[in-house]
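>>> A structural model of the following input is requested.
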Amino acid sequence: MTRLLALFAVLLSFALPAQAQRLISGVSNDTVQITSSFDGERLTFFGTIAPEAGATEQTVSGPFQVVIVVLGPTQDRVAREKTNNFGIWLNTEQVEFRRFPSYFHVLSNKRLLEISDIATLNANYILPESYAMAPNPAGFMKTLNFGRELIRLMSEDGLFGVQETGVQFMSDTFYTAQLTLPSSAPPGPYIAQTYLFKNGELIARKSEGFAVRKIDFERFLAQSATQYPLLYGIACVILALFTGWLGGVIFKR
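Below you'll find the model as predicted:
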């Protein structure tokens, strides 16, 4: 019995990692405020790799790779294809994407495909194309094609992106990364998901949240449009008519 327990302990030591790691991370600002002069804001993500709590080892050994995925609030989006029908451009096909990220940006310390295999990256939604391969009633290939085009359009607007040199290691275990949110960043809750890899394997992850909020007059307009859409629409029409009339009076003189 004693020999059996000893053998089990030896096998268990091979099955478990010799040294477990954990991430200690943070973000420079937990709230980004949007005002009339907002033209983007730079955020700094930082962290260190430490031994797991209770571990006997006091240090960790690499090399490590870090990937940071910044996700904005999810939305339902529709991608449409226009075709020329007898000289008239019409929407002929479309695919609806449920809970699609309104903002998605990836930062890493090296090429993603050098960090891990494509199956692991897709399974953890690290690649932008992962969202184009989500199950959809439209079918896999159609969803993939329309999803890629949607990602391309959002990338042109600065809402999707990948920076494969965005994470810098200041030491063997301390890293930092910077990301500039564009002025078009949608308001709402954001999540920065940090993934720690070693030898192609995902060994730890950590999440930080921050918020993008409209304040002052911009917040008043946003709340009015959402809570009182009819009154907001009437006010916009009246304002447009008044502006047109005033412009005619000024230029007539």
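>>> Against which helices or strands is the strand or helix carrying residue 105 packed?
In this structure, residue 105 sits in strand 104-108 according to DSSP states H and E. When contacts are defined as 3 or more CB pairs under 8 Å, 6 or more residues apart in numbering; DSSP states H and E, strand 104-108 packs onto strand 65-71, strand 160-163, strand 174-181. From N, CA and C alone the C-beta is placed, and that goes for glycine too.
>>> Contacts for the next helix or strand after it next, please.
Per DSSP H and E, strand 104-108 leads on to helix 112-115 as the next helix or strand towards the C-terminus. Outside helix 112-115, the residues within contact range by CB atoms under 8 Å, 6 or more residues apart in numbering are 65, 67, 106, 108, 121, 126, 127, 162, 164, 197, 200.
>>> one step back: would you convert the helices and strands packed on strand 104-108 into a markdown table that also reports mean pLDDT?
Shown next, in a markdown table, are the helices and strands packed on strand 104-108 (pLDDT from 0 to 100):
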| stretch | mean pLDDT |
| --- | --- |
| strand 65-71 | 95 |
| strand 160-163 | 94 |
| strand 174-181 | 92 |
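>>> which of the contacts of helix 112-115 are buried?
Neighbour counting over those (16 or more other CB atoms under 10 Å) leaves 65, 67, 106, 108, 121, 126, 127, 162, 164, 197 as the buried ones.
>>> Export those residues as a markdown table, with columns for distance to residue 205.
What follows is those, written out as a markdown table (distance: CB to CB, whole Å):
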| residue | distance to residue 205 |
| --- | --- |
| 65 | 13 |
| 67 | 9 |
| 106 | 14 |
| 108 | 14 |
| 121 | 13 |
| 126 | 11 |
| 127 | 16 |
| 162 | 18 |
| 164 | 19 |
| 197 | 10 |
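>>> which one of those residues is nearest residue 81?
Residue 81 has its nearest neighbour among the buried ones among the contacts of helix 112-115 in residue 127, at 23.1 Å by CB to CB.
>>> Setting aside sequence neighbours, what's the nearest residue to the closest one?
In this structure, residue 127 finds its nearest non-sequential neighbour in residue 121, 4.9 Å apart by CB to CB, 6 or more residues apart in numbering.
>>> Show me what the residue positioned nearest the centre of the chain is bridged to.
Using CA atoms, centre = their mean, the residue of the chain that lies closest to the mean C-alpha position is residue 71, 2.4 Å off. Beta bridges link residue 71 to residue 104, residue 191 when assigned by DSSP bridges.
>>> Could you say which one of the helices and strands packed on strand 104-108 comes nearest to residue 23?
That would be, of the helices and strands packed on strand 104-108 and by CB to CB, strand 65-71, which comes in at 8.4 Å.
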